[in-house]
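Enquirer: Whatever this is, show me its structure:
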Amino acid sequence: MNAESGTNAKTMSMIVTKGSLDWAYPPFILATTAAAMGLEVTMFFTFYGLSLLKKKLNLQVTTLGNPAMEMPMMGMHMTMPNLVSAVPGVDAAATMMMKNLIKKKGVASIEELREMAVEADVKMIACQMTMDLFEYKIEDMIEGPSLGGAATYIEEATKSDINLFI
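Expert: Numbering: from 1, shown residues only. Have a look, this model is predicted:
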């Protein structure tokens with residue numbers, strides 16, 4: 001039983017640390033799915049993950065450090081070796097290809113998933129230290145997230161049935 005709400009709801013918390021297009025999907029898909037299944041969800045956005053709360057998103061994909069990246073092309077799956085990242089324009093092309101694939105397959109955008117999370121009452125916490133470090137202002141962020149620090153997240157995590165680091 002959840003002591004605070006008096007319900008039998010399970011809880012899930014996650015730390016969101018990445019802000020690229022491909023890394024934005026897992027936390028929002030997991031959060032919205034868990035919320036739809038009746039879990040109380042908290043997302044703690046820190047370092048580069050904090051950029052996912054900005055009003056205007058300009059998410060990119062990089063092939064650098066992503067050796068498992070395969071894109072369906074010409075009827076097969078082509079891998080993108082790290083060396084390719086050194087070529088100017090490759091990340092922009094990879095981003096465009098990924099966005100086209102997302103649209104073609106009917107996958108929700110990050111903006112849509114983020115809005116679904118807000119509508120599902122997913123608790124979002126923007127890391128105050130990261131806000132200060134990167135000189136973000138609360139006005140830069142979407143409506144809804146609260147500010148907090150590591151202690152705020154740890155308080156949530158110690159009460160959660162599931163804890164994820166993404």
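Enquirer: For the protein, just list every one of the helices.
Expert: 21-36, 90-104, 110-119, 128-133, 150-159 (DSSP state H).
Enquirer: model confidence over stretch 130-138, on average?
Expert: Stretch 130-138 shows a mean pLDDT of 96 in the predicted model.
Enquirer: How about residues contacting that stretch?
Expert: Contacting residues not belonging to stretch 130-138 are listed as F45, T46, F47, L50, K54, A126, L147 [C-beta atoms under 8 Å, 6 or more residues apart in numbering]. No exception for glycine: its C-beta is placed from N, CA and C like everyone else's.
Enquirer: now with 10 Å?
Expert: With contacts defined as C-beta atoms under 10 Å, 6 or more residues apart in numbering, stretch 130-138 is touched by 17, 45-51, 53-54, 126-128, 140-141, 145-147, 149.
Enquirer: Need the distance between the two termini of that stretch.
Expert: 12 Å (C-alpha to C-alpha, to the nearest Å).
Enquirer: list the buried ones in that stretch?
Expert: For stretch 130-138, the neighbour count (16 or more other C-beta atoms under 10 Å) marks T130, M131, Y136 as buried.
Enquirer: do stretch 120-132 as well
Expert: Neighbour-count burial for stretch 120-132 [16+ other C-beta under 10 Å]: V122, K123, M124, I125, A126, C127, Q128, T130, M131.
Enquirer: need the residues you listed in a markdown table with distance to L113, can you?
Expert: Shown next, in a markdown table, are these (distance: C-beta to C-beta, whole Å):
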| residue | distance to L113 |
| --- | --- |
| V122 | 10 |
| K123 | 16 |
| M124 | 12 |
| I125 | 18 |
| A126 | 17 |
| C127 | 20 |
| Q128 | 24 |
| T130 | 21 |
| M131 | 22 |
